[in-house]
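Got a predicted structure here, sequence first:
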Amino acid sequence: MDIARDADVEPVDALLAHGLVDEDTFYRALARTLQLPFLPRVTAGPGAVFPASIEAGVIPLDPAHSPLRFAQAPSGAHVARLLAGPPIYGSLAITTPTALRDAVIAVNAATIAAQAADGLPDIAPTLSFRGGATWPQGVAITAAALILCLCLVIDVVSTIALTASLINVLFLALANIRITACLQHAPVEPREAIVRRADTDLPVYTLVVPLYREAGVVEDLCAALMKLDYPLSRLDIKLMTEADDVQTQGALRALALPAAFEIIVSPRGEPRTKPRALNVALPLARGEFLVVYDAEDVPQDAQLRHAVEVFCSRSASVCCLQARLSIDNADDGILAKCFAIEYAALFDVINPGLARLRLPIPLGGTSNHFRVDALRSLGAWDAWNVTEDADLGVRLARAGFEVADLPSTTFEEAPNRFRSWHAQRARWMKGFMQTAITHSRDPRGILRELGATAYVSTMALTLGVVLAAMFYPVFVWIAGMLIVTAMLNGAGFDVGIAFPVEISMLHDHWLVLAAAAIGLVTFAAGVVSTVLPPALGLWRRRWFWLFPFLPAMPLYYLLISFAAWRGLYDLFVDSSHWNKTEHGLSRRRRRK
C-alpha cells in the first residue's frame, strides 16, 4: 500500500510490478477467492483482437480447447471491481496477463507479423525501402552512367574534373556540417540540476529492448534497468525475443523477473530485423513516452526522469530525444579505443550540434526517447531498413517534428573483434545507402518538406558519409603523392606523379584548375572535420588518456572504407539481412 500510494497506482499493480508476488501465485489466489477456475495456459478463440484484447484483459476462449467462454486477467481497479461483485455465471476463468497476451499473439500471429513488416510501406510506399530503388531511380542512375561514359569518350579531362567537383561539393557540405556542429555548445552533463518531480507526477514510461541471441547479457541488462531511478510500477518494460531464440527466452525466464518486465515473443516473419521487433512492441506500449535500448546498454540512473523533464519543458513538436552513447570497454584494445573516440565525436559533438541547428539527425540505434502518439502517427519504424534509426530521424524531420539532445549517457560495449565490428559497420553503411535511396525518390517533395539546407544535410549525412568512406583510400593516396612530390621537389629533385593524365599538361585547363581549387578546399575542410569532432568529444568527456590514440584514426577510417564496400555488396546480394552484433564479449567494461 505504501508503494502504491507513493507512485499513485493501484495496490495490485504495485504488488506485481515490484515482484512482491509472482503472477501465477496472485492470479491463482484471485481465482480461488472468486471461486472461478484458474487456467495457467489458454487458447484464444478467433474473436481475440490484437492489441485490444490484451488492453482489455479479457479474451474469448477457443471452444475446442475449453468448455468455458472467456478468460480474464484483470489488473488494477478491475480486480477491486471483481472482488466487490464477483460474477455468478460459470463461463469465466481467470488466467495470468502473460498467458492471455501470449494467446492473443498466437492467434493473431500472421496479422501481427504482416503489420510489423508492411505497416509503413502499405500506407506510405515512398517512405519505406521495401522494394529497393524504384524504376525512375534506376532509369536516372543508368542514364547518368551512360552520359558519364559518353562524356569520358568526348573529353576525358573535363569530365573527370567536373565529376570530381560535383562529388567534392557533397563532401564539402559534409565537412561544413561537421565543423558547424562543433561550434555548438553541448556539454556532456546537463547545465542545471534535474528537477526531481514526485513519483505520483511521473507518466508511465515504456522501455523496449529487442533481443536476439543475447542469453549471456540479459542478467546484466535487467539489473541495469532495475537500477533506473523510476518507480517500477510506472515502467512498462518489453523484452522482445524471436520465436527461434529459445536460449534467450530461457535465460530471461530463469531470472524470475517482476511483472514490470514482459517477455514477448515476436511472431515468425520476414524481414528478420530489429525494427520489425520494435513494430510488434509499439501497439502494446502503455506509456506516454517510449525508449529503445540495446541488450548491452547501461543507461544512467536518472535518464528517464531527465527525459520527462525535457519533454515537458519543450513544445509538442519535439517528439524525440537522442541520449548520449558512450563506450565503456575502451580498454579492450585499439579497435575498441578507436570506436570509443568515434562515438565521442558522433554523440557528444555532431548529433547534439545538429539538434541545436535543427537539422535532421541520423539517430543512434539506442537510447532514442519518443512521444508514443507521434511515433504511431509516423507509421513507426521501417522494417526493411537496417538502419531504421537513421531513416526515422529523416522521417521525423520530413513530418515537421524536431529531435532534441538529451545530455544523459547510456554506456555501451564496443565490438572488440574485427569480424563482429566489420559486420556491424557494413550493416550501418548499407542502411545509410537504403536511407539515401528512400529519401531521394521524390526530390521535389522532400525539398518542399525540409528546405534546401536540411535536404543537403540529409544527403551529406547518409550518401555523403558512404561515398567519403568508399573513396577515402583514394584521397589518402592522392594527398600522400602530392605531399611526397612537394617534399622531393623542395629537396632539389625534379619528379612527377603517375596520374592518368600528366599534370603538367593541364595547368592551363580552367576546369581542371577549378576542380583542383575545390578539391584543395574540400581536403582542408575534410581534415579539420575529421580531426576536430573526435578531439572535442574526448575533451568534453575528459578522456585525455585517449588523445594519444587519435593518430590511429586514419587507419581506422581505412577499415571503415572496407566496410562501406562490403555494405554496397550486401545491398545488392541481400538488402534486408541483419548482421548481428555479438555482445557480452568484453570483460573490461567500466561501470559507474
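On my side now, so go ahead.

all helices of the stretch 151-300 of the chain, in order?
Using DSSP state H, counting those that start in this stretch, the helices of the stretch 151-300 of the chain run over residues 156-182, 218-226, 246-253, 274-281.

Please convert these to JSON lines, extending it with mean pLDDT.
JSON lines is the format used below for those (pLDDT from 0 to 100):
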{"stretch": "helix 156-182", "mean pLDDT": "88"}
{"stretch": "helix 218-226", "mean pLDDT": "93"}
{"stretch": "helix 246-253", "mean pLDDT": "94"}
{"stretch": "helix 274-281", "mean pLDDT": "95"}
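
Figure out which of the ones you listed is closest to Ala404.
Across those, Ala404 has its closest neighbour in helix 156-182 (14.6 Å, C-beta to C-beta). From N, CA and C alone the C-beta is placed, and that goes for glycine too.

which helices and strands sit right next to the closest one?
Here helix 156-182 touches helix 135-154, helix 351-357, helix 452-459, helix 465-470, helix 510-541, going by 3 or more C-beta pairs under 8 Å, 6 or more residues apart in numbering; DSSP states H and E.

looking at the ones you listed, which is closest to Leu207?
helix 351-357 (21.2 Å).

give the contact list for Ala564.
Ala426, Met429, Val466, Ala469, Met470 (C-beta atoms under 8 Å, 6 or more residues apart in numbering).

Most neighbours of all these, which one?
Met429 (26 neighbours; other C-beta atoms under 10 Å).

What strand or helix carries it?
In the assignment (DSSP states H and E), Met429 maps to helix 418-438.

From Ala164, how far out is Asp155?
As for Asp155, its distance to Ala164 is 14 Å (criterion: C-beta to C-beta, to the nearest Å).

got it, and Ile147?
Going from Ile147 to Ala164 by C-beta to C-beta gives 16 Å.

out of the two, which sits in the more crowded spot?
The residue with more neighbours, out of Ile147 and Ala164, is Ala164; 18 against 11, by other C-beta under 10 Å.

any idea what sits nearest the more buried one, other than its immediate chain neighbours?
Spatial nearest neighbour of Ala164, chain neighbours left out: Ala515 (5.0 Å); criterion: C-beta to C-beta, 6 or more residues apart in numbering.

So for the one you found, what's the pLDDT?
Ala515 carries a pLDDT value of 78.

Tell me how many other residues surround it.
23.

Next up, the contacts around it.
Ile160, Ala161, Leu162, Ala164, Ser165, Asn168.

give me that answer again for 6 Å
When contacts are counted by C-beta atoms under 6 Å, 6 or more residues apart in numbering, Ala515 touches Ala161, Ala164, Ser165.

Then Val153?
By C-beta under 6 Å, 6+ apart, the contact set of Val153 is empty.

Asn368 versus that one, what's the distance?
From Val153 over to Asn368 (counting by C-beta to C-beta), the distance is 49 Å.

still on that earlier bit, for Glu309, which of the helices of the stretch 151-300 of the chain is the nearest?
helix 218-226 (19.9 Å).

what's the angle between that closest one and helix 246-253?
Per axes from the mean of the first three to the mean of the last three C-alpha atoms, to 10 degrees, the angle that helix 218-226 makes with helix 246-253 is 40 degrees.

surely Ser91 meets Arg69?
Yes: the pair Ser91 / Arg69 is scored as a contact, 4.0 Å apart, by C-beta atoms under 6 Å.

Between the two, which has more neighbouring residues?
Arg69 (14 against 11).

What spatial separation is found between the more buried one and Leu61?
For Arg69 relative to Leu61 (C-beta to C-beta), the value is 6 Å.

could I get the helices of the stretch 151-300 of the chain as a markdown table with distance to Ala117?
Shown next, in a markdown table, are these (distance: least, C-beta to C-beta, whole Å):
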| stretch | distance to Ala117 |
| --- | --- |
| helix 156-182 | 33 |
| helix 218-226 | 25 |
| helix 246-253 | 21 |
| helix 274-281 | 6 |
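
Which one of those helices lies nearest to Ser315?
Each of those has some distance to Ser315 by C-beta to C-beta; the shortest is helix 156-182, at 22.6 Å.

quick one: buried residues of the closest one?
Neighbour counts over helix 156-182 (16 or more other C-beta atoms under 10 Å) mark 157-162, 164-165, 167-168, 170-182 as buried.

what does stretch 29-36 give?
Of the residues in stretch 29-36, those buried (16+ other C-beta under 10 Å) are Leu30, Ala31, Leu34, Leu36.

just checking, Asn273 touches Asn579?
For residue 273 the amino acid is Thr, not Asn. No: checked against C-beta under 6 Å, the pair Thr273 and Asn579 is beyond contact range at 10.6 Å.

For these two, work out which one has more neighbours and name it.
Between Thr273 and Asn579, counted using other C-beta under 10 Å, the more crowded position is Thr273 (24 against 18).

Need phi/psi at the more buried one.
Per-residue torsions, Thr273: phi -130, psi 160 (degrees, to the nearest 10).

Find the nearest non-adjacent residue to it, please.
Closest to Thr273 by C-beta to C-beta, 6+ apart is Trp578, at 4.8 Å.

now do Ala479
Distance criterion C-beta to C-beta, 6+ apart; nearest residue to Ala479, sequence neighbours excluded, is Phe523 at 6.4 Å.

What is the neighbour count of Ala452?
Around Ala452 there are 8 residues (other C-beta under 10 Å).

Tell me, what's the model's pLDDT at Asp494?
Asp494 is assigned 55 on the pLDDT scale.

before we move on, what about Gly90?
For Gly90, pLDDT reads 65.

The closest residue to Phe261 other than its chain neighbours: neighbour count?
Once flanking residues are discounted, Phe261 sits nearest to Ile237: 4.7 Å by C-beta to C-beta, 6+ apart. Using other C-beta under 10 Å, Ile237 has 24 neighbouring residues.

What of the one 3 residues further on?
Around Met240 there are 23 other residues, counting by other C-beta under 10 Å.

and what of the one 4 residues further on?
Neighbour count of Asp244, defined by other C-beta under 10 Å: 12.

Just the pLDDT for the nearest residue to it once chain neighbours are set aside.
Spatial nearest neighbour of Asp244, chain neighbours left out: Arg268 (7.7 Å); criterion: C-beta to C-beta, 6+ apart. Listed pLDDT for Arg268 reads 93.

Going by neighbour count, list what's buried in stretch 267-275.
Judged by neighbour count using 16+ other C-beta under 10 Å, the buried positions of stretch 267-275 are Pro267, Gly269, Pro271, Arg272, Thr273, Lys274, Pro275.
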